[in-house]
Every structure is written in structure tokens, then in C-alpha cells.
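next come a sequence and a model predicted from it.
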Amino acid sequence: MLAELALRLATPASRMTRRLGLVDESVALWSRGLRQRRAWAAHHARCRDIVAQAVTELPERRTAVILGSGLLRDVPLGLLAANFERVLLVDAVHLPQVRLRMRLRRNVALLTRDLTGVMGWLAGESGGRSDPLADFIADPAVDLVVSANLLSQLAWPIEDWLADNPAEAAKLPTDLAARCVAWHLDDLRRFHGRVILLSDVGMIERDRGGTISDRLDLMRGVELPPPDEGWDWPVAPFGEAARNRESIHRVGAWRDFR
């Protein structure tokens with residue numbers, strides 16, 4: 001608990017980023033990932049292997065952009081840094097331990113970015129969505145883009161904020177959370193280089209007898225093409241969130257989404 005509190009206090013973040021719960025969620029993900037290192041290992045390894053395979057297939061390796069870089073557990077950072085001229089790690093929150101690691105890598109940069117494009121809109125600072133990836137899309141040297149288990153994380157902060165701020169929510173589209181998912185997919189399609197999409201798309205909760213007690217569409221109704229491959233990720237095994245309940249996420253991988 002003290003380590004988590006220290007991380008929350010030490011993490012640089014804007015006021016809106018904190019209001020949306022993104023710092024708290026990043027710290028919680030770090031903590032849970034340590035506890036569930038073995039349970040999550042296969043998921044992380046498959047993600048890294050897919051990216052690694054794509055690197056071998058690229059004719060040029062100038063700039064790699066990792067969207068939703070987070071704690072870097074699901075991307076082969078060493079391989080990317082060794083093969084690309086530049087690696088850009090893009091996320092709304094970069095925890096201190098990630099920032100410290102990147103000081104030793106001269107061709108790796110951390111970029112703090114609202115990947116929904118709606119934080120300014122929620123805060124009343126703009127009249128609509130900004131384009132969060134316009135500069136990357138315009139850069140012809142971007143040869144690889146990885147959306148790294150980010151897509152499912154775009155909707156819930158918006159849903160929570162709308163529920164907690166009904167007066168402001170009344171001025172915004174009721175389906176804003178789903179739009180954030182759809183907008184990200186549209187953004188990915190605008191790139192000219194190779195685009196890898198890795199995302200959990202659905203969740204089930206079940207008891208020890210295998211009875212499913214809850215289901216959730218993490219895409220909020222937004223349709224995706226069939227993935228190239230998929231697997232189950234035990235996000236919360238028995239004992240993590242509840243003694244007799246586990247949460248399993250279904251993950252999809254699109255090796256060349258665009």
C-alpha cells in the first residue's frame with residue numbers, strides 16, 4: 001500500500017489525467033502484474049512474439065510507435081531499440097520506474113499523450129475531439145505502430161467520468177465511450193506503415209464450478225474484423241478480486257490491422 005501511494009504521488013500527470021483515474025489504474029496494474037506475474041506470463045509472451053515477428057518482416061526500420069506502452073511488459077523493447085532508429089513510447093501515464101529505465105536508452109523517447117483525444121473536451125477546454133495521432137500519421141518514417149492492449153482501456157475512464165459528472169455529461173454524446181474505441185481504430189487505419197493491434201475484447205467472470213456470472217463487451221459494441229489469432233488472459237485469477245471468482249479476458253491479435 002505504501003509503495004502504491006508513493007507511486008501515485010511521484011507520477012507526473014495532468015489534473016484531468018488524475019481525475020479520470022488513469023494514474024490510479026496504472027499503479028494498480030503495476031501492482032497486480034507483480035502479484036500475477038506467472039498467470040500473465042503467457043499473455044505477455046504472445047504479445048511480444050507477435051511484435052518480434054513483425055520486426056523481421058519489415059523492409060525498413062526507422063521509427064516504431066508504441067501506443068499504450070504502459071509498463072512495457074507486452075512489447076519487446078530491447079529488440080525494438082536494437083532494430084529501429086527511434087522508438088516512441090506513447091501513453092497518458094508513464095510511471096517513475098519506466099521513466100528511470102528509459103534514461104539508459106538514447107533512441108527511446110517517452111511521449112505523454114491523451115490517446116482518446118477527448119480530455120480537453122471533457123474539461124471544457126475545447127469543443128470536440130482533438131486528433132491525438134496526427135503528427136505520427138503524417139511522419140513517413142513511421143514503419144511500425146503497435147496498439148498494445150490499449151483499445152479496451154479507452155472507454156471505461158470516459159464512462160466513469162460521465163457517470164460522476166452528470167451536468168457536464170449532458171452536454172456530450174451519450175455514446176462517447178464507444179466513440180473513443182471507434183476513433184482509435186480509425187486512427188490506426190490512417191497510418192501508412194505496418195500496424196499491429198493487440199487488445200482484449202471481451203470479459204467473463206465465472207465461479208469455481210465454471211458457471212459464468214457476468215459478461216462484458218470491452219469494445220462497447222464497436223465491431224472488429226476477425227483477429228489473426230486469439231487467446232484467454234486470466235486477468236484476475238481466483239483469489240485476486242474474489243476468492244471464488246475469476247475474470248478471464250479474451251484477447252485478439254491483428255498482425256497487420258491496416
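Arrived safely, thanks for sending. Numbers count the residues shown, from 1 in each chain.

per-residue pLDDT, the residue lying farthest from the centre of the chain?
Among the C-alpha atoms of the chain, the one most distant from their mean position (C-alpha atoms, centre = their mean) is that of Gly209, at 31.5 Å. Predicted confidence (pLDDT) for Gly209: 96.

and what of Ile158?
pLDDT, Ile158: 96.

and it, how many neighbours does it have?
Residues lying near Ile158 (other C-beta atoms under 10 Å) number 24. Every residue, glycine included, has its C-beta placed from N, CA and C.

swap in Arg35?
Counted with other C-beta under 10 Å, residues neighbouring Arg35 total 12.

gap between the nearest residue to Pro96 once chain neighbours are set aside and Pro227?
Nearest non-adjacent residue to Pro96, counting by C-beta to C-beta, 6 or more residues apart in numbering: Ala10, 4.9 Å away. When distance is defined by C-beta to C-beta, to the nearest Å, Ala10 is 37 Å away from Pro227.

between these two, who's got more neighbours?
For Ala10 and Pro227, the more surrounded residue by other C-beta under 10 Å is Pro227, and the numbers stand at 18 against 12.

for the stretch 1-150 of the chain, give me the ranges with low pLDDT.
Scanning the stretch 1-150 of the chain for pLDDT under 70 picks out no residues.

what are the ranges of the helices in it?
Here the stretch 1-150 of the chain has its helices, by DSSP state H, counting those that start in this stretch, at 2-10, 15-19, 22-35, 37-57, 77-83, 96-102, 119-122, 134-137.

what are the contacting residues of the host helix or strand of Gly252?
In this structure, Gly252 is located in strand 245-254 according to DSSP states H and E. With contact meaning C-beta atoms under 8 Å, 6 or more residues apart in numbering, strand 245-254 is reached by 43, 46-47, 50, 149, 152, 195-207, 213, 218, 224-225, 227-238, 240-241.

mind listing what's buried in the strand ranked longest in the chain?
Longest among the strand segments of the chain by residue count, using DSSP state E, is strand 194-207. Going by neighbour count (16 or more other C-beta atoms under 10 Å), the buried part of strand 194-207 is 194-203, 205-206.

output those as CSV; include the columns distance to Val27 and pLDDT.
Formatted as CSV, those follow (distance: C-beta to C-beta, whole Å; pLDDT from 0 to 100):
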residue, distance to Val27, pLDDT
Arg194, 32, 98
Val195, 29, 98
Ile196, 27, 98
Leu197, 26, 98
Leu198, 22, 98
Ser199, 22, 98
Asp200, 20, 98
Val201, 25, 98
Gly202, 25, 98
Met203, 21, 98
Glu205, 23, 97
Arg206, 27, 97
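
can you add distance to Val65 and give those back as TSV?
Below are the buried residues of strand 194-207 laid out as TSV (distance: C-beta to C-beta, whole Å):
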residue	distance to Val65
Arg194	11
Val195	10
Ile196	11
Leu197	13
Leu198	14
Ser199	16
Asp200	21
Val201	22
Gly202	26
Met203	27
Glu205	34
Arg206	36
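
out of the residues you listed, who's nearest Leu185?
Proximity of the buried residues of strand 194-207 to Leu185 was ranked by C-beta to C-beta; the top entry is Leu197 with 8.0 Å.
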